[in-house]
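Novice: let's see this in three dimensions:
(chains A and B)
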Amino acid sequence: METLQLLFEGFGNALTPENILMTAGGGILGILVGAMPGIGSLLGCALLLPLTFKMNPTSAIIMLAAIYYGNMYGGGYSAILLNIPGDSPAIMTAMDGYPLMRKGYPGKALFTTNMASFCGGTIGILILTFLGVGLADIGLLFGPSEMVAVMVLSLSSISWLLGDSPTKGLISTMLGIMIATIGTDGATGMPRFTFGNISLLSGVLLVPLVIGVFGFSQVMQMSHAKETDYTELKSTKLRIRDAVITKKEAKYCAPIVLRSGVVGTVVGILPGSGATIAAFLCYLMNKKVSKRGKEFGTGIPDGIAASEAANNAAAAGAFAPLLALGIPGSGTAAVLLSGLMMWGLTPGPQLFTDEPEFCWGLISSMYVGNILCLAMGMLMIPLLVRLISVPSKLISPVVVTLCFIGAFAASNEVNNLYVMLLGGLAGYFMNKYDYPTAPMLLAFVLTPTIEKNLYRALMVNNGSLSIFWERPITLGLLIATVALMVAPVVLKAVRKGKKAEAQQ
Amino acid sequence: MPLIIDGILLCVGSYWFVTSVTSLTLFQGMSIGGGLLPAFASGLLILLVIIEIVNTFRKEKIDKAYFQKTIRDVNWKDMIPLGIGVLCLIGSWLIGLFLTLTVMLFCWLKVLSKYSWKKSAVVTVCVMAFLYGVFKLWLQLPLPQGLLGLV
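Specialist: Reported below is the predicted structural model:
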């Protein structure tokens, strides 16, 4: 009851004309920054932080938070329309979004991304409102061994992505791990596979790699492909209601959004995880458990819903440890933390009691911002759909230009351009010879976290592996991993046995 | 072509494995060293690539005709964007990234896409003005200037 009362008081603060303007402005900037390949929420918030210097703390954090979750909306747009994820959390959106667009349903893809983002974000904010403080305490129980177990659980799900040739899928996974080991070893500080290049000391960045593997390789494939006929789209006036998914599709998507919303929030709360891992994990989880799981990757709204609901929920979840404990769960949360400190606020257990107006004003503004982002996203659909009726001979050079600027913008380094081109070449041949790219990217994302936490877990336990079965959460997660890997094999054997019995 | 790709992967995997084992430590003190994970991944990669090569030899007759056919399978026109990308890298080193991309966009539209001078120029100006506005003026990204000191 008390929470509801505080929330309503927060709405009183969030719904002032100034704060509504901040929310709307932040949302628009977030969507724009999110749709621009290479910028992402971290860079977007960092670059726009100076804009908030002269504002009062509540309005400032409301604006930055709106940029953060607006970014999650925008990242999906370029993933769907250009096959270039605007930011790393939108990588899995491209898996189904782009094929669905190519099938001739760009409106449906954009509608799904908006609705899933809204629902996932709302689930995340609801959990943050009612359970945020408690969940943040649980998040603190996750030490290095628990993080290793969570990441191993995520990595084990790669088997669901391997495609028709498990050998090729595993080769792709190993390549991802190898690329992730380039640069300074996060645990020991030793340089590895840098070939004497100083710029490689910081490792290969995910964003230029993704832009290359998805965007640039796509342009290479488009150079001799037949022009897709979008004349029908061009001639018809597309309205928002034409983009709405069918009742049947909504029925498939609803449980996916719910699952991704809850799991995404929890992953967002865990330190060092963030929206990218949440999107990967939820996409794979839903591929395994949902009714149309086998069709994931072929261009169905379900896949978009899984990824988008998860990354928006994780963005909301990241605020729980930030506000309640002063621990940033991701890079973007760290920028927000620096903002809070700059405005003289000390995040931690006392913040909710000392500054209730600020905390609840922020949480309430997230409800408002989520609705505003949905409205803006929906209004943009007809305009965005027009973009795909542009012929590929015009769009290809523009995409190449975006690839270059986006890859450079990821960290303002020219080396990113080399990574992008090499990623494009690798992506082209991988697509041509049926090597799945998703396992490579998932392994690339998870490897640094696994290695760093494995190092720490063994260090704190004097090199003994017993830490993995002595801590209950770690043990539980590892048992879940083994169960998930063994269950399909056992179930298959049982079904085979029953079938043989029936035949006899 | 698959065999050529497998060969490249085998070389890369072998380099990674040898470097991990010889130049990096597998175990350090009471924990893992920087070489353990790359050694594990590259070792497994080598094994998997060998399996792929064996499968290819089982399925196909490997002779000169096989290599000629697989090289013909690649549409070398697909490499044009890559070539343009390499030229852009050289261009950005000389005249700066933004100017290089402007020239590239205009030339691509005029020469490869065969648009008129007017349409190519209008599209180039509109796209680059938008990108300049967002990345340079608004976000103030330090775009590389090149040897001639141009943007």
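
Novice: going by C-alpha atoms from here, please, whenever you check contacts or count neighbours.
Specialist: Fine.

Novice: residue contacts, the most centrally placed residue in chain A?
Specialist: Among the residues of chain A, A:Pro89 comes closest to the average C-alpha position under C-alpha atoms, centre = their mean, at 2.3 Å. A:Pro89 is in contact with A:Met72, A:Gly75, A:Ala275, A:Thr276, A:Ile277, A:Ala278, A:Ala279, A:Phe280, A:Ser307, A:Asn311, counting by C-alpha atoms under 8 Å, 6 or more residues apart in numbering or on different chains.

Novice: where does it land on pLDDT?
Specialist: We have a pLDDT of 85 for A:Pro89.

Novice: against A:Ala315, how distant is it?
Specialist: With distances taken as C-alpha to C-alpha, to the nearest Å, A:Pro89 is found 10 Å from A:Ala315.

Novice: identify the contacts common to these two.
Specialist: Going by C-alpha under 8 Å, 6+ apart, residues that sit against A:Pro89 and also against A:Ala315 are A:Met72, A:Ala275.

Novice: rewinding a little: select from the contacts of A:Pro89 every entry located in strands.
Specialist: Judged by DSSP state E, strands contain none of these.

Novice: near chain A, which residues of chain B show up?
Specialist: B:2, B:16, B:24, B:30-34, B:37-38, B:41-42, B:44-45, B:48-49, B:51-52, B:77-82, B:85, B:89, B:101, B:104-105, B:108-109, B:113, B:127, B:139, B:141-144 (C-alpha under 8 Å from any C-alpha of the partner chain).

Novice: got the contacts of A:Pro89 as TSV, with pLDDT, neighbour count and distance to chain B columns?
Specialist: Below are the contacts of A:Pro89 laid out as TSV (pLDDT from 0 to 100; neighbours: other C-alpha atoms under 10 Å in any protein chain shown; distance: C-alpha to the nearest C-alpha, whole Å):
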residue	pLDDT	neighbour count	distance to chain B
A:Met72	83	35	19
A:Gly75	84	34	16
A:Ala275	85	30	23
A:Thr276	86	26	22
A:Ile277	85	24	20
A:Ala278	88	31	23
A:Ala279	90	31	24
A:Phe280	87	30	21
A:Ser307	93	38	27
A:Asn311	91	38	24
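
Novice: want to throw those residues into TSV with distance to A:Ala483?
Specialist: TSV is the format used below for the contacts of A:Pro89 (distance: C-alpha to C-alpha, whole Å):
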residue	distance to A:Ala483
A:Met72	33
A:Gly75	34
A:Ala275	26
A:Thr276	25
A:Ile277	21
A:Ala278	21
A:Ala279	22
A:Phe280	20
A:Ser307	24
A:Asn311	26
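
Novice: let me know the closest of the residues you listed to A:Met341.
Specialist: A:Ala275 (23.3 Å; C-alpha to C-alpha).

Novice: using CSV, write down the CA coordinates of the helix or strand of chain B with the lowest mean pLDDT.
Specialist: Lowest on mean pLDDT, DSSP states H and E among the helices and strands of chain B sits helix B:64-73, with a mean of 76. The C-alpha trace of helix B:64-73 is given here as CSV (Å, rounded to 0.1, in the frame of the first residue of the first chain):
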residue,chain,number,x,y,z
LYS,B,64,41.5,-29.6,-59.9
ALA,B,65,38.0,-29.4,-61.2
TYR,B,66,36.7,-29.3,-57.6
PHE,B,67,38.7,-26.1,-56.8
GLN,B,68,37.8,-24.6,-60.2
LYS,B,69,34.1,-25.2,-59.5
THR,B,70,34.1,-23.9,-55.9
ILE,B,71,36.0,-20.7,-57.0
ARG,B,72,33.4,-20.2,-59.8
ASP,B,73,30.6,-20.5,-57.1
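
Novice: list the contacts of the following helix or strand past that helix.
Specialist: Next in sequence after helix B:64-73, counting helices and strands by DSSP states H and E, comes helix B:80-95. With contacts defined as C-alpha under 8 Å, 6+ apart, helix B:80-95 is touched by A:219-220, A:223, A:417, A:421, A:425, B:97-101, B:104, B:144-151.

Novice: let me see the ranges of the helices in chain B.
Specialist: B:2-22, B:36-59, B:64-73, B:80-95, B:97-107, B:117-131 (DSSP state H).

Novice: specify the angle between the first one and helix B:36-59 in degrees.
Specialist: Inter-element angle recorded for helix B:2-22 and helix B:36-59: 150 degrees (by axes from the mean of the first three to the mean of the last three C-alpha atoms, to 10 degrees).

Novice: which other helices and strands does helix B:2-22 contact?
Specialist: Where contact means 3 or more C-alpha pairs under 8 Å, 6 or more residues apart in numbering or on different chains; DSSP states H and E, helix B:2-22 is packed against helix B:36-59.

Novice: which strands and helices sit next to the helix it packs on?
Specialist: helix A:166-180, helix B:2-22.

Novice: one more time with 10 Å
Specialist: helix A:166-180, helix A:438-460, helix B:2-22 (3 or more C-alpha pairs under 10 Å, 6 or more residues apart in numbering or on different chains; DSSP states H and E).

Novice: returning to what we had before: just the buried residues from the contacts of helix B:80-95, in ChimeraX please.
Specialist: Selecting only the buried members of those in ChimeraX, with burial defined as 16 or more other C-alpha atoms under 10 Å in any protein chain shown, works like this:
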select /A:219,220,223,417,421,425 /B:97,98,99,100,101,104,144,145,146,150,151
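
Novice: which single residue of the stretch 201-350 of chain A approaches chain B most closely?
Specialist: A:Met220 (4.9 Å; C-alpha to the nearest C-alpha).

Novice: for that residue, grab phi and psi.
Specialist: Dihedral angles of A:Met220 (phi, psi; degrees, to the nearest 10) stand at phi -60, psi -40.

Novice: grab the nearest non-local neighbour of it.
Specialist: Distances taken as C-alpha to C-alpha, 6 or more residues apart in numbering or on different chains put B:Asp78 closest to A:Met220, at 4.9 Å, once the chain neighbours are dropped.

Novice: roughly how far does that neighbour sit from A:Leu458?
Specialist: B:Asp78 sits 48 Å away from A:Leu458, taking C-alpha to C-alpha as the criterion.

Novice: run a quick neighbour tally on the residue in the stretch 401-504 of chain A that chain B sits nearest to.
Specialist: Per C-alpha to the nearest C-alpha, A:Gly463 is where the stretch 401-504 of chain A lies closest to chain B, at 4.3 Å. Around A:Gly463 there are 18 other residues, counting by other C-alpha atoms under 10 Å in any protein chain shown.

Novice: who wins for proximity to A:Met178 among the helices of chain B?
Specialist: Once these are compared by C-alpha to C-alpha, helix B:36-59 is nearest, at 5.7 Å.

Novice: and the residue of the stretch 201-350 of chain A closest to chain B, what does it touch?
Specialist: A:396, A:400, A:424-425, A:427-428, B:75-82 (C-alpha atoms under 10 Å, 6 or more residues apart in numbering or on different chains).

Novice: for chain B, give me the ranges with low pLDDT.
Specialist: By pLDDT under 70, the low-scoring segments of chain B are B:1, B:150-151.

Novice: try 90 this time
Specialist: Within chain B, the stretches with pLDDT under 90 are B:1-5, B:23-35, B:55-79, B:113, B:130-131, B:133-151.

Novice: name the residue most distant from the centre of it?
Specialist: Residue of chain B lying farthest from the centroid, by C-alpha atoms, centre = their mean: B:Met30 (38.6 Å).

Novice: list the contacts for that residue?
Specialist: A:Tyr455, A:Leu458, A:Met459, A:Val460, A:Asn461, A:Asn462, A:Gly463, A:Ser464.

Novice: again, but for B:Lys110
Specialist: B:Met104, B:Ser116, B:Trp117, B:Lys118, B:Lys119, B:Ser120, B:Ala121.
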